[in-house]
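Chemist: got a structure for you, letters missing:
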Ligand SMILES: NC(=O)c1ccc[n+]([C@@H]2O[C@H](COP(=O)([O-])OP(=O)(O)OC[C@H]3O[C@@H](n4cnc5c(N)ncnc54)[C@H](O)[C@@H]3O)[C@@H](O)[C@H]2O)c1
């Protein structure tokens, strides 16, 4: 996902003169190799081994594209330092201790990427009119679920909190929908292994005082990780671009008068 984010930001016309990459402390990291993989000039890349190293560089913005563990370890110190931080591993917030650790800081710098789904703006607006119910159904090819398999199966039915904690790599969307809508314990989730799916499919339905809504998104696979929807990286990139370029969010700067 990180490569998609960086490519999209550069394609949108932003020059990344310095990019710090936080790698796992137990992994040897070669900046030149990482630069090639991410489409950056080697002299632009700095490698840091922990959140303190990242904070010390005072980055303009940080995009987490790693794991729930990374959110737990790195995001509280980044927020404590007032550094704007976009997260992709939204399911981390389903863990009460993690959420408490984040909320102990000023969360005004925290951005939740909409990730692989769309429609979160409409859902969050509809919440203001009173939401009666929100359901998220995630369908993936059977091989994309832990344990694999080939047939049709309902992998999970329950709340968004349970889904995000039980499937840390597969149910970030459940948490995102919950934060936009009815919360982690009132959002109903069904996760399905569906041999009829070529790609990851996300379906959200809600009933509110102002509207009934249904959104469906079929994400093409990321070239870096076919289990990840390509949309997710673009969504993180959009959050970064919205921050770097003031103006009406969601609009394309190319379409605004000079
Ligand atoms: N919000 C969404 O809709 C959505 C969609 C897809 C993926 N995701 C999440 O985004 C994250 C990234 O997805 P991906 O497809 O790029 O995953 P990936 O596994 O392909 O790549 C993640 C990279 O981050 C590194 N990493 C993991 N934990 C780390 C840590 N604590 N510190 C430093 N590096 C760490 C890994 O070694 C790996 O190189 C995952 O958590 C995934 O579940 C969210």
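Modeler: Yes, it's here. Here the structure is a predicted model, which is why all the values come from computation and not from measurement.
Chemist: for this protein, what's the longest helix?
Modeler: Ranked by residue count under DSSP state H, the longest helix found in the chain is helix 230-244.
Chemist: Name the residues that touch it?
Modeler: Residues outside helix 230-244 that contact it (C-beta atoms under 8 Å, 6 or more residues apart in numbering): 1-5, 8-9, 12, 14, 60-61, 63, 65, 84, 86, 88, 111, 113-118, 172, 217, 219-223, 249. In short, each C-beta sits where N, CA and C put it, glycine included.
Chemist: Just the pLDDT for residue 253.
Modeler: The model reports residue 253 with a pLDDT of 66.
Chemist: for the ligand, what are the nearby residues on the stretch 151-258 of the chain?
Modeler: For the stretch 151-258 of the chain, the residues in contact with the ligand (C-beta under 6 Å from any ligand atom) are 169, 172-173, 176, 222, 224-225, 228-229, 232.
Chemist: residue of the protein with the smallest distance to the ligand?
Modeler: residue 115 (2.2 Å; C-beta to the nearest ligand atom).
Chemist: who touches the residue nearest to the spatial centre of the chain in this structure?
Modeler: Centroid-nearest residue in the chain: residue 88, 2.2 Å away (criterion: C-alpha atoms, centre = their mean). Residues counted as contacts of residue 88 (C-beta under 8 Å, 6+ apart) are 1, 63-66, 113, 115, 172, 232-233, 235-236.
Chemist: what's the following helix or strand after the worst-scoring helix or strand of the chain on mean pLDDT?
Modeler: Here the helix or strand of the chain ranked lowest by mean pLDDT, DSSP states H and E is helix 31-38, holding a mean of 90. Of the helices and strands lying after helix 31-38 in sequence (DSSP states H and E), the nearest is strand 45-48.
Chemist: quick check: mean pLDDT across that next one?
Modeler: 94.
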